[in-house]
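Visitor: Below: sequence and its predicted model.
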Amino acid sequence: ARIVDAAAGEDDAAVEAALRPRRLADFPGQTKVREQLGLVLEAARRRGAAPDHVLLSGPPGLGKTTLAMIVAAELEQPIRVTSGPAIQHAGDLASVLSSLAEGEVLFLDEIHRMSRAAEEMLYLAMEDFRVDVVVGKGPGATAIPLELPPFTVVGATTRAGLLPAPLRDRFGFTGHLDFYEDADLEVILARSARLLQVPAHEEGIAEIARRSRGTPRIANRLLRRVRDWAEVHGAGRVDLDAAGRALALFDVDEVGLDRLDRAVLDALCRRFAGGPVGLSTLAVAVGEETETVETVAEPYLVRQGYVSRTPRGRVATTAAWEHLGLAVPEGGQP
Ligand code: ADP
């Protein structure tokens, strides 16, 4: 597993639970979404009614699960947690829905990965608070409508575009999470250091924030490795020296690129003279699956302006050549 992977790893779960902010007021960053969501929740609270269903979209590790839990906490309601891949049959969903208490929050992670039949059942339930339970088989089967108490769905997706329109339309509020500014990551890291009870200097925190790809999950993971280094080799505190050395040990460079990212840039510049080169050719050159390069390395390289996508293939930018310490070729690159 890559240390800069934004997806949750097995060893992340327990620490992550401990580091999640519990209330909206303790959630740094995402100002717009936080204010919008705060308004939706406060209005519902004053009306004494369940709020509109909430859809949260954005890349992994930015706080969608955390916000779902905050929604429940702010509404003072219990939360039921499940995910699209866990709901393969409409029947799985029917049993979850029919056991919800009034006002309960249903968190559906990776909602774009539900089966089509479950999707259809979900959007009827979201609109009319009703499911049709099918009893029997074949021509004799009958659908028995079952009334549900009002509840609130919080859906999370990394790919809002993949949701069918009828389902997307059932969400009264959609919040788009974006990568965090370094300053917000610093606030998050300082708070995490406090919770982990490790002393931290401002410069150490800033260094970790700068290399965390705008992603709190990665920031918290890097912080844990820096803490390890500080406790074993350092003075027991997260400072600039500990951050620099621990991140060097784990191959995270000054701008947050890891070995795979650099291998991609290196192949692009040295082997393919800066491109354009097709993604699958590039993947073969670095010995990885095409999908890994496409979903894991490329988005950040593109976002940071090291690689651009063109109709003829991937192209290294001036920044890529400079980052590798190579001379930028005459006239050719964007
Ligand atoms: P997602 O569901 O979008 O993949 P999570 O909500 O699971 O992301 O967040 C991943 C980790 O990052 C958790 O440990 C969480 O505590 C932390 N985190 C995310 N956003 C924030 C934030 N705004 N403030 C503090 N911690 C955050």
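Guide: Looks like it came in fine.
Visitor: can you give me the strands for the protein?
Guide: Per DSSP state E, the chain carries strands over the ranges 54-57, 79-83, 105-109, 130-135, 142-147, 152-157, 173-176, 307-310, 313-316.
Visitor: Ramachandran angles for the spatially most central residue of the chain?
Guide: Centroid check for the chain by Cα atoms, centre = their mean gives P60 as the closest residue, at 1.6 Å. Main-chain torsions, P60, degrees, to the nearest 10: phi -60, psi 150.
Visitor: My read is that it contacts I218, right?
Guide: No. Contact criterion Cβ atoms under 8 Å: P60 and I218 do not qualify, at 9.8 Å. The C-beta positions use only the backbone N, C-alpha and C, and glycine is treated the same way.
Visitor: what residues do these two have in common as contacts?
Guide: Counting by Cβ atoms under 8 Å, 6 or more residues apart in numbering, the common neighbours of P60 and I218 are A6.
Visitor: And the residue nearest to the centre of the chain, how far from the ligand?
Guide: Between P60 and the ligand the computed distance is 4 Å (Cβ to the nearest ligand atom, to the nearest Å).
Visitor: Identify the residues contacting that residue.
Guide: Listed by Cβ under 8 Å, 6+ apart, the contact set of P60 reads 6-8, 158, 215, 217.
Visitor: these two touch, right, R2 and T295?
Guide: No. Using Cβ under 8 Å, R2 is not in contact with T295; the gap is 11.8 Å.
Visitor: Please say which of those two ends up with more neighbours.
Guide: Taking neighbours as other Cβ atoms under 10 Å, R2 and T295 compare with R2 leading, 18 against 12.
Visitor: check contacts around the more buried one.
Guide: Taking Cβ under 8 Å, 6+ apart as the contact definition, R2 lies against 258, 260, 296.
Visitor: In helices, which of these fall?
Guide: Counting by DSSP state H, the contacts of R2 place L260 in helices.
Visitor: Pick out the lowest-pLDDT one from the contacts of R2.
Guide: The member of these with the lowest pLDDT is V296, at 81.
Visitor: Next one: it from L55, what distance?
Guide: Applying Cβ to Cβ, to the nearest Å, the value for V296 to L55 is 25 Å.
Visitor: repeat for D169
Guide: D169 is 10 Å from L55, by Cβ to Cβ.
Visitor: The two: who's more crowded?
Guide: L55 (24 against 12).
Visitor: How about the chain: which residue is closest to the ligand?
Guide: The nearest approach of the chain to the ligand comes at G63, 2.7 Å away (Cβ to the nearest ligand atom).
Visitor: count of residues packed around that residue?
Guide: Counted with other Cβ under 10 Å, residues neighbouring G63 total 26.
Visitor: in the stretch 201-334 of the chain, which segments are predicted with low confidence?
Guide: Counting by pLDDT under 70, the stretch 201-334 of the chain contains low-confidence ranges at 331-334.
Visitor: As TSV, the strands of the chain with distance to the ligand would be great.
Guide: Formatted as TSV, these follow (distance: least, Cβ to the nearest ligand atom, whole Å):
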stretch	distance to the ligand
strand 54-57	7
strand 79-83	10
strand 105-109	7
strand 130-135	27
strand 142-147	30
strand 152-157	6
strand 173-176	11
strand 307-310	24
strand 313-316	27
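Visitor: between the ones you listed, which gets the lowest average pLDDT?
Guide: In terms of average pLDDT, strand 130-135 trails the rest of these, at a mean of 85.
Visitor: List the buried residues in that strand.
Guide: Of all the residues in strand 130-135, those buried under the rule 16 or more other Cβ atoms under 10 Å are 131, 133.
Visitor: which residues does L124 contact?
Guide: 130-132.
Visitor: and with 10 Å instead?
Guide: If a contact means Cβ atoms under 10 Å, 6 or more residues apart in numbering, then L124 has 130-132, 145, 166, 170 as its contacts.
Visitor: just L93 next, same as before
Guide: Taking Cβ under 10 Å, 6+ apart, we find L93 in contact with 82, 86-87, 106, 108, 114-115, 117-122, 125, 131.
Visitor: Just the buried ones among the residues you listed, please.
Guide: Using 16+ other Cβ under 10 Å as the burial test, the contacts of L93 include 82, 87, 106, 108, 114-115, 118-122, 125, 131 as buried.
Visitor: Using PDB, list the CA coordinates for stretch 177-196.
Guide: What follows is stretch 177-196, C-alpha atoms only, in PDB (Å, rounded to 0.1, in the frame of the first residue of the first chain):
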ATOM      1  CA  LEU A 177     -15.700  18.500  -1.300                       C
ATOM      2  CA  ASP A 178     -12.500  19.700  -2.700                       C
ATOM      3  CA  PHE A 179      -8.900  19.300  -1.800                       C
ATOM      4  CA  TYR A 180      -7.800  21.200   1.300                       C
ATOM      5  CA  GLU A 181      -5.600  24.300   1.500                       C
ATOM      6  CA  ASP A 182      -2.400  23.700   3.300                       C
ATOM      7  CA  ALA A 183      -3.500  26.100   6.100                       C
ATOM      8  CA  ASP A 184      -6.600  23.900   6.800                       C
ATOM      9  CA  LEU A 185      -4.400  20.800   6.800                       C
ATOM     10  CA  GLU A 186      -2.200  22.500   9.400                       C
ATOM     11  CA  VAL A 187      -5.200  23.000  11.600                       C
ATOM     12  CA  ILE A 188      -6.300  19.400  11.200                       C
ATOM     13  CA  LEU A 189      -2.700  18.100  11.800                       C
ATOM     14  CA  ALA A 190      -2.300  20.200  14.900                       C
ATOM     15  CA  ARG A 191      -5.500  18.900  16.300                       C
ATOM     16  CA  SER A 192      -4.500  15.300  15.400                       C
ATOM     17  CA  ALA A 193      -1.100  15.700  17.100                       C
ATOM     18  CA  ARG A 194      -2.900  16.900  20.300                       C
ATOM     19  CA  LEU A 195      -5.200  13.900  20.200                       C
ATOM     20  CA  LEU A 196      -2.300  11.500  19.600                       C
END
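Visitor: Nothing else from me, thank you.
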